[in-house]
Every structure is written in structure tokens, then in C-alpha cells.
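Visitor: take a look and give me a structure for this.
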Amino acid sequence: MNLFKKAETFTHNPVNSLQFIHLLRFTTLFLISVAFAKSNYSVTDIGVYEKFIYFAGALSFFWTNGIIQAFLSLYHRYSSQLSQNKLIANCISLSMLFSIIIVAILLVFEKSLSLFFLNNEQLPYKLIFLLYMTFAPVTFFIEYIYLVKKQYKNIFIYGISTYVIQLLLLIVPSFIYNNLSYSLWGLLAITIIRFIWLIFIVSNSHSFNLNFYDWRIILKNSSPLILSAFIAGSLPYIDGILVASYYNDNIFAIFRYGAREFPLSVLLANAFSNAMIPIINSSKSITASLAQIKKKSLQLMHVLFPVSIILLISSYLLFEIAFNPYFRESAKIFNVMLLLIIPRMVFPQTILIAKRYQNLTLIASVVEWGFKLFCSLWMMTFWGIFGIAMATVVAFLVEKIVLAFFVYKQLKIVPKHYIPIKWFIFYSTILIISFIIIEYSNILV
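Guide: Next up is the predicted model:
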């Protein structure tokens with residue numbers, strides 16, 4: 001009975017529900033990758049699939065995130081349910097407009113974009129890709145509509161049902177046929193199912209009343225967030241360009257295999273941040289919301305810092321086992337990326353977005369971009385690709401310091417009100433000491 005109550009409590013928590021679906025999405029993609037590696041598909045087929053997913057994400061992640069975060073910050077500022085439902089409809093229609101514009105740009109500049117992103121002269125599986133790009137981005141609104149409406153259990157139902165179907169539609173054809181198109185048609189099929197699910201949610205609220213004034217408000221609030229996401233998303237490309245320009249293909253491969261942030265920390269932190277935006281907006285007391293950020297972020301720290309330390313200690317061995325001894329040096333880059341957990345566990349951007357200071361998040365992103373470029377060029381001269389990775393950590397730390405300063409300047413909120421300072425310092429110190437010991441011992445080997 002106690003177990004049932006705990007499960008019921010877990011599914012009624014906004015942060016837990018959003019973190020759950022983000023983890024479910026990541027797990028599904030990971031299992032598909034593992035299954036494809038053991039299936040009838042060739043390495044070339046798998047590479048095409050990875051490029052398909054990567055390119056779709058590169059073309060949509062920045063504006064999708066921007067509009068969703070603007071939606072989360074605006075929703076509780078509308079007093080009536082009718083106006084809230086209209087906001088949902090207008091966010092979805094605006095998102096669809098972005099998708100259509102992207103598809104049109106792809107049709108006009110297909111060769112140039114394909115060469116730049118994919119090193120191909122044409123889109124892989126063009127018809128499927130264009131249909132996927134039209135319908136997939138907007139479906140990310142589903143979990144957030146359930147979130148703001150406090151229908152947390154529906155997030156679990158939606159997530160489990162659609163991601164199980166996605167797993168089957170992609171994996172089963174890979175073991176029966178020797179043609180990637182069957183799995184990609186399966187991906188498109190689950191995307192259409194999700195799109196129909198979205199239309200059903202919106203049609204039930206009778207809110208298909210488009211309003212260009214709402215579009216203007218949404219764009220005003222989302223534009224800085226879209227630009228911030230675009231700038232942040234461009235940072236890995238800076239790394240790639242620098243490494244490709246100054247080093248050979250072997251060094252580039254070593255860097256790329258290691259330059260990956262621990263996915264669990266990214267997923268859980270981003271889900272937590274997005275889930276807290278409507279909570280801050282709907283709360284009558286900012287003090288209570290800040291206390292909740294402090295409490296929940298500490299719970300994240302208790303999980304993610306110890307896992308990061310374990311990964312750091314075992315990374316060299318894990319890279320040798322997962323790949324081969326040649327990629328042992330990639331572990332050095334990966335260990336640097338693990339340090340990103342330190343700034344990732346601080347959430348001033350959540351407060352600023354909730355309080356509609358989106359322009360300040362854009363300024364912080366521009367500062368981060370500038371620091372990243374300067375530090376990469378400078379640190380690369382001393383430490384090579386290790387310095388380029390370290391510059392990412394420095395730039396991200398600077399961005400969070402700037403954001404924390406803006407929170408204090410605009411809202412008079414000091415960091416100790418939303419950061420569990422003692423635990424944060426303790427875990428950060430242990431992680432840094434572990435990093436120094438591991439890297440120093442590997443230099444001596």
C-alpha cells in the first residue's frame with residue numbers, strides 16, 4: 001500500500017513527470033541505436049539514420065525550445081481558461097509556421113544545407129525527412145500542455161504509450177528487412193500519431209481561434225530565448241571548426257568521441273528548469289518557489305554529482321572497453337565535460353525566464369559565446385584539444401555567474417536563496433579534486 005502511495009505521489013509531481021519523459025525519450029533513442037547496431041542494417045545505414053535525427057534536431061531545437069519556454073512563462077499570466085487555451089493554440093500554430101518555413105528553406109537551399117550539415121548533396125530520404133520536419137517539432141508541446149494544466153499522470157501515459165510504439169516501429173523492421181526506409185517510415189508514423197494526439201488535446205479545449213496579437217506577444221517573449229538557444233547550440237560547432245582547422249582527422253575523432261556532456265545531467269537539469277517556470281509563475285510567493293528550487297536542485301545534486309564522480313574515476317577504462325584503446329585519450333576530454341555539472345546545477349535562468357527577463361538570458365548567451373571563442377583560441381595554444389574542452393566549462397561558468405548577477409540586480413534575489421550553497425561547494429570541490437587526481441595520475445602513467 002505504501003509503495004502504491006509513493007508511486008501515486010511520484011506521478012503527481014510536475015518535476016518528476018517532465019524528468020521522466022525526458023529520460024524516456026533519451027532511453028528510447030539509446031535502445032534504438034543499440035538495436036540498430038545488432039540488426040540487419042549496415043554501418044552506412046546507421047550513419048544515415050544518425051544524420052537524419054541530427055539534422056532534424058539542428059534545424060528545429062532553437063526555435064522549439066524558445067517558443068516552449070515563452071509559452072511556459074506566459075501561460076499563468078492569462079487569467080481565464082479560454083485565454084490560456086487560445087495561447088496554446090497560437091503557440092502551436094506559430095510553431096507549425098516555423099516548421100513550414102524551415103521546409104521551404106530546405107527545398108530552396110537543399111544542396112547547400114545538406115553539404116554544410118551532412119556532407120551530402122541531397123537530403124537522405126527526402127520525402128520522409130520533409131514530412132517529419134513538418135510535424136515532429138510541434139509535438140514536443142504535448143508534455144508541456146499537460147504540465148501547465150497539471151495533468152501530470154497524462155504525461156506518463158503519453159510518454160510510455162508513444163515511446164514503446166516508437167521503439168517497436170523502428171526496431172522490428174531493422175531485424176526483418178535490410179532497408180532503412182521501413183524504420184524511417186515507422187518514425188514518421190509515430191510522429192503523425194503524436195500530431196493527432198496534439199490536435200485532439202487542442203480541439204477538446206475549443207481554442208482554434210488564431211490571434212495575430214497573441215503571435216506578436218509570443219514572438220516578443222520567445223525571440224530572445226530562440227536566439228539564446230541558437231547561440232548556445234552553435235558552441236559545439238565552434239569546437240568542431242577549431243579542431244578540424246588545426247588538427248588532423250585522427251585528433252578530430254578523439255575529440256568528438258570525448259566532447260559529450262553526460263546526458264543524464266543535461267536531461268534532468270533541463271526538465272527541472274522547464275518544470276519550475278510555470279510553478280514560479282503560478283506561485284503567490286516567490287520565496288516559496290525559490291525554496292522549492294533550492295530543495296529540488298539539492299535532490300538532483302545528490303544523484304548527479306556522485307554519478308559524475310564515479311564516471312570520472314572509471315572513464316579511461318570505460319572508453320577502452322566501449323570503443324578501443326586508441327580512444328583512451330577521448331576520456332580526458334569527457335572528464336572535462338563532466339565538470340559542466342557544476343554550472344548546470346545552478347538555475348538563475350529559470351527565475352529570469354519565469355519573470356520574463358528573456359533579454360537578459362540573451363545577453364548572458366552572447367557573453368558566453370564571446371568567452372568561449374576567446375578562451376578556446378587562447379587555451380588551445382597551451383593545452384591543445386584539452387584546452388578547447390576546458391574553454392567550454394569556463395564559458396558556461398561565466399554565463400551562470402552573469403545570470404546570477406542579473407537575478408540579483410533585477411529581483412534582489414541572492415544566490416543562497418535558490419542554491420544550496422554548502423552542498424554545492426562540497427560536491428564541486430570533491431569533483432574538482434577527483435578530476436585533478438585522475439588527470440595527474442594519467443599524466444604520470
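Visitor: check residue 143 and give its pLDDT.
Guide: Note for residue 143: predicted pLDDT of 94.
Visitor: would you mind measuring from it to residue 19?
Guide: 11 Å (CB to CB, to the nearest Å). Every residue, glycine included, has its C-beta placed from N, CA and C.
Visitor: isn't residue 346 up against residue 421?
Guide: No. With contact defined as CB atoms under 8 Å, residue 346 does not count as touching residue 421 (10.4 Å).
Visitor: where do the contact lists of those two overlap?
Guide: residue 415 (CB atoms under 8 Å, 6 or more residues apart in numbering).
Visitor: looking at these two, which is more packed in?
Guide: Taking other CB atoms under 10 Å, residue 346 and residue 421 do not tie; residue 346 has more neighbours (20 against 12).
Visitor: the closest residue to residue 428 other than its chain neighbours: what's it in contact with?
Guide: Leaving aside its sequence neighbours, residue 428 sits nearest to residue 342 (CB to CB, 6 or more residues apart in numbering; 4.9 Å). Residue 342 is in contact with 393, 397, 428, 431-432, counting by CB under 8 Å, 6+ apart.
Visitor: roughly how far apart are residue 342 and residue 330?
Guide: Going from residue 342 to residue 330 by CB to CB gives 21 Å.
Visitor: can you check residue 49 too?
Guide: Applying CB to CB, the value for residue 49 to residue 330 is 23 Å.
Visitor: and the helix or strand where residue 114 lies, what other elements does it pack with?
Guide: Secondary structure assigned from DSSP states H and E places residue 114 in helix 110-118. Helix 110-118 sits against helix 43-74, with contacts defined as 3 or more CB pairs under 8 Å, 6 or more residues apart in numbering; DSSP states H and E.
Visitor: buried residues in the following helix or strand past the helix it packs on, which are they?
Guide: Moving toward the C-terminus from helix 43-74, the next helix or strand (DSSP H and E) is helix 81-108. Applying a neighbour-count criterion of 16 or more other CB atoms under 10 Å, one finds 84-95, 98-99, 102-103, 106 buried in helix 81-108.
Visitor: helix 81-108 versus helix 110-118: what angle between them?
Guide: Put simply, helix 81-108 runs at 100 degrees to helix 110-118, going by axes from the mean of the first three to the mean of the last three CA atoms, to 10 degrees.
Visitor: are any of the contacts of residue 342 buried, and if so which?
Guide: Buried among the contacts of residue 342 by 16+ other CB under 10 Å: 393, 397, 428, 431.
Visitor: surely the last one and residue 343 touch.
Guide: No. In this structure residue 431 lies outside contact range of residue 343 using CB under 8 Å: 11.9 Å.
Visitor: any idea of the pLDDT on the residue lying closest to residue 420 once chain neighbours are set aside?
Guide: The spatial neighbour of residue 420 that comes closest, neighbours along the chain excluded (CB to CB, 6+ apart), is residue 298 at 4.3 Å. pLDDT for residue 298: 95.
Visitor: please identify which helix or strand holds residue 298.
Guide: helix 286-322.
Visitor: measure how far that helix is from the centre of its chain, please.
Guide: 16 Å (CA atoms, centre = their mean, to the nearest Å).
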